[in-house]
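S.K.: Need the 3D shape of this:
(chains A and B, ligands or ions: 2)
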Amino acid sequence: MTPMVELDNVTRRFGDTAAVREASARLERGEFLTILGPSGCGKTTLLRMIAGFDRPSAGRILINGQAIDAVPPFRRSIGMVFQRLALFPHMTAAENVAYPLKMRRFDPAEIPERVERYLELVRLKGFGSRRPHEMSGGQQQRVAIARALSFSPDLLLLDEPLSALDRKLREEMQLEFRRIQQELGVTTINVTHDQREALVMSDRVVVMDAGRIQQADTPAAVYRQPSNRFVASFIGMTTVFPGMVAEAPEGIGEIIVGDVRLPARLPAGGLAPGTAVDCGLRAEQVRVVAPGAPRPETTIGGLVERRIFEGDRLVYEVRVPPLGNLTLMVFDHDPATHAEHEVGARVLLGWNARDLFVFPKETTENATRQETGPAS
Amino acid sequence: MTADAPRPPAPAHRLPLRWRVMDRIEAVAAALWPAAFRRATPWAFLAPALLLVGILLIGLGYVISDSLHELNPATYRLREEYSLGNYAAFLDRPVYLLVLWRSLLAAVLVTAITLVFAFPYAYVMVRTRSGALRKLLLVSLFLPFFIGQVVRAYGWLIILGKQGLINQALEGLGLPAATLIYTYPAVIFGLVQYMLPFAVLMLAPALTAIHEEVELASESLGADWLRTFRHIVIPMAKPGLVGASVVVFTLTLTDFAMPEILGGGTNDFIASTIYDMFFQLSNPGLASALAAVLVAVGSLIVALVFRVAGTGTLGLRSGS
Ligand SMILES: Nc1ncnc2c1ncn2[C@@H]1O[C@H](COP(=O)(O)OP(=O)(O)OP(=O)(O)O)[C@@H](O)[C@H]1O
Ligand SMILES: [Mg+2]
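M.R.: Ligands and ions are numbered 1, 2, ... in the order given. Here you go, the predicted structure:
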């Protein structure tokens, strides 16, 4: 089956900066794909090109196997929910939802029933006669989704429509939206810089940085097997530090960090001993090992330098002298049964060898990236 | 330790001079205008505007009162007794009705034509991505303001006149000269050209308020640009359209210079007639009656527009 959307080396330049560089990706029918990346990485630019509001400087976009350069937006079967929703303020919710049906020449007799059905789908039955300004943010949100879906588009595009909502509502809407998407089976591209949203909602996640696609994979693979240092550090709270390959069979090898050798997962293909590498260790995968508790594969002692209470967890910054005085971030998720460690206390840290990521040192172009992503 | 004796608290660090001055001013203001008066503050700020409107209303009162006294041709004074004679004269002489009709028609035509030209102009000015084009459009908009109506009308005389540039060009081509001025269309033309900047300036903010994403949304929902324009842009620009219509309509209805200069006395508007009545025919009674009719007709039409469009369109909360 031809993929729903295919990006073939798509580049979009603005002057001498490239907002999107050589992006290639495929989206299968019925799939929910999320484009995840920091602000300004080119997510909106990519989405606008797929929607037809903008054209690639180079490369091709195929929808249903057909080049769509010459097809104007109003002839494409694409529903889009915008960053700022873009509801029509002079129309009621029902009129907003009916708008695409009228513009696309649906049978007028069928329209009211369809409007009713889609308002119901987004749980807004009875809100049809309200104007957007008479509705809450979450309700407006849902009108925008109903409007983009009511004409049964082949493809649905979402440009961070949830970003303006407060966290609780956002998490509710994420699940709600996933339900609707699965109910209708509509192929969807969602754009976000919220890693949680990407992991929760998607079948597949495309991680972008500086206009380039860094990794395209399932949420679990993106989280567990990041393909490079950026992906590892953008998703989760990750401490990145330099090391050197000591022994390098494929799979678990050994790296030298500071004065010690640590077992670590080496990238596929292996690396030659002596290669300088970047290592990454997620805060959520490092544990404070209680005395007498079963030990993970790697353990090492350190000194608590900072302790931050975040409600559902404690965050420690622990200095580890043997690792060249490296400071590791550690999440402790169950403060109730664990002792709370004071600043200055000695603790034993532990993690499993496969959770220590190793990436070849990157070229200068990629080396200036941020070290840690936003806290999840 | 030497500091055994209790010391006064260390003097607070000196605040910047500007802050201290402002604090003084606030203290003085608080003394002069105690908190009890606070509720009156908004009214105090409104006072100048209210005063101005009040004076206008007094003037209008005088006009209406004058309009109720007929001229005594013997003394060239208004008679003491009240009468509706001036209004009867207005209705009696078809020339006054004709002039009023001509002014109203011009106001409607000029409003319609101006909006048709001003809308795309304002739209391009607001939406263009080219800073240079936006600046060019803005400068071309403001330049005529500096020139003034009378000078501009004379400019048109030079171009359109009997021996004007256009007729010279026609002559050069061996074509017969055309009558381009002292006609109704010439007056309309001059007025449209004069009103365009006002309309654009009223429309631009309304169009700026329409986010581009709304138009893109409409397109992605299946509307081509024409239908997007009709169903989205025009309705959303309604406040600007109503505002611009009212301004252009009232300015045209009461305009004096353009019909005088480009109409050359052949196409007087009601304002010219009122002027003549006051200063040429020295009949303040009839002049006042004409003015009162003008005010009444103008107010009625504007009220009607607001009634139909809703004052909400001007950003005012509607009472409902
Ligand atoms: N019309 C434009 N002209 C010039 N540069 C642009 C234009 N549109 C986008 N850019 C640049 O392209 C880059 C990518 O922009 P884009 O809007 O795609 O980011 P984004 O990933 O959607 O970010 P955010 O998460 O903040 O919305 C940015 O550096 C931006 O400054
Ligand atoms: Mg964006």
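S.K.: Measure how buried residue B:112 is and give me the count.
M.R.: By other CB atoms under 10 Å in any protein chain shown, the residues close to residue B:112 number 13. For the C-beta atoms, the positions are set from N, CA and C on the backbone; glycine is no exception.
S.K.: And it, how far from residue B:106?
M.R.: Per CB to CB, to the nearest Å, residue B:112 is found 11 Å from residue B:106.
S.K.: now residue B:150
M.R.: Remark: distance between residue B:150 and residue B:106 (CB to CB) = 18 Å.
S.K.: neighbour count winner among those two?
M.R.: Neighbour tally, residue B:150 and residue B:106, criterion other CB under 10 Å: the higher count belongs to residue B:106, 24 against 13.
S.K.: Name the helix or strand for the more buried one, please.
M.R.: helix B:94-127 (DSSP states H and E).
S.K.: and if you look at residue A:61?
M.R.: Per DSSP H and E: strand A:58-63 holds residue A:61.
S.K.: chain center to that strand: distance?
M.R.: 23 Å (CA atoms, centre = their mean, to the nearest Å).
S.K.: Mind checking the pLDDT average for that strand?
M.R.: Averaging pLDDT along strand A:58-63 gives 92.
S.K.: Kindly report the same for stretch A:1-20.
M.R.: Mean predicted lDDT for stretch A:1-20 stands at 90.
S.K.: can you check stretch B:214-227 too?
M.R.: For stretch B:214-227, mean pLDDT rounds to 93.
S.K.: got it, and stretch B:144-163?
M.R.: The average pLDDT for stretch B:144-163 rounds to 84.
S.K.: For ligand 1, what's the nearest residue on chain B?
M.R.: Going by CB to the nearest ligand atom, ligand 1 is nearest to residue B:129 of chain B, at 7.4 Å.
S.K.: tell me which element that residue is part of?
M.R.: Going by DSSP H and E, residue B:129 is not part of any helix or strand.
S.K.: residue contacts, the most centrally placed residue in chain B?
M.R.: Nearest residue to the geometric centre of chain B (CA atoms, centre = their mean): residue B:247, 3.7 Å. Contacts for residue B:247 (CB atoms under 8 Å, 6 or more residues apart in numbering or on different chains) come out as B:198, B:199, B:202.
S.K.: same thing but at 10 Å, please
M.R.: Neighbouring residues of residue B:247 by CB atoms under 10 Å, 6 or more residues apart in numbering or on different chains: B:111, B:114, B:195, B:198, B:199, B:201, B:202.
S.K.: sorry, back to before: so what's in contact with residue B:112 and residue B:106 at the same time?
M.R.: Common neighbours of residue B:112 and residue B:106 (criterion: CB under 10 Å, 6+ apart): B:192, B:249.
S.K.: Which stretches in the stretch 251-376 of chain A count as helices?
M.R.: Assigned by DSSP state H, counting those that start in this stretch, the helices in the stretch 251-376 of chain A fall at A:364-367.
S.K.: hang on, the earlier thing: which neighbouring elements make contact with the helix holding residue B:106?
M.R.: helix B:85-92, helix B:131-147, helix B:184-208, helix B:212-220, helix B:238-253, helix B:257-263, helix B:270-275, helix B:284-309 (3 or more CB pairs under 10 Å, 6 or more residues apart in numbering or on different chains; DSSP states H and E).
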